[in-house]
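>>> Please work out how this folds:
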Amino acid sequence: MHSQTSIGDKLSDAFSQMVKGDKFYANGEYSKAIPCYKKVTKSKNLTDREAAYVKLATTYKKVNEYESAEDAYRKYMEINPEPAKEVVFDYAQILKANGKYEEATEQYTNYVKNNPND
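Predicted coordinates for the structure are as follows:
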């Protein structure tokens with residue numbers, strides 16, 4: 001019974017951190033949203049982790065921390081073999097902004113290959 005409570009607490013904690021992060025983000029308080037999303041990246045739930053990495057990357061972009069944004073996108077790509085097309089495109093843009101043109105080209109190529117009608 002104790003382990004069920006712990007699992008439930010961890011799930012609700014990840015959810016509450018995500019909600020808290022989303023509220024900070026919506027209010028333009030990006031530096032307050034970052035630690036919330038970081039906590040969720042440690043969740044056992046893969047879907048929560050994926051969402052947290054994307055939100056973390058997006059938030060880092062808002063505060064011009066492109067290296068951190070790149071890292072968050074990379075971690076998302078590592079755990080998601082079929083990433084959302086918007087994420088692939090955003091990741092390519094961050095790589096380009098960080099001067100990693102070869103990697104950016106590779107991601108843009110992946111985007112076009114997987115989304116020929118866009």
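
>>> hey, let's count contacts and neighbours off CA atoms from now on
Fine.

>>> what's the spacing between Tyr25 and Lys100?
28 Å (CA to CA, to the nearest Å).

>>> Could you tell me which ranges of this structure sit under the pLDDT cut-off?
Segments of the chain classed as low confidence (criterion: pLDDT under 70) are 1-12.

>>> out of Tyr25 and Lys100, which sits in the more crowded spot?
Tyr25 (19 against 13; other CA atoms under 10 Å).

>>> So that one sits against Thr59, correct?
Yes - counting by CA atoms under 8 Å, Thr59 is a contact partner of Tyr25 at 7.4 Å.

>>> overlap in contacts of these two?
Contact criterion CA atoms under 8 Å, 6 or more residues apart in numbering; residues shared by Tyr25 and Thr59: Ala33.

>>> Contacts made by stretch 44-60 with the rest, please.
14, 18, 25, 30, 33-34, 37-38, 40-43, 66, 68-73, 75-76, 79-80, 87.

>>> Sort out which of those residues are in helices and list them.
By the criterion of DSSP state H, membership of the contacts of stretch 44-60 in helices covers 14, 18, 25, 30, 33-34, 37-38, 40, 66, 68-73, 75-76, 79, 87.
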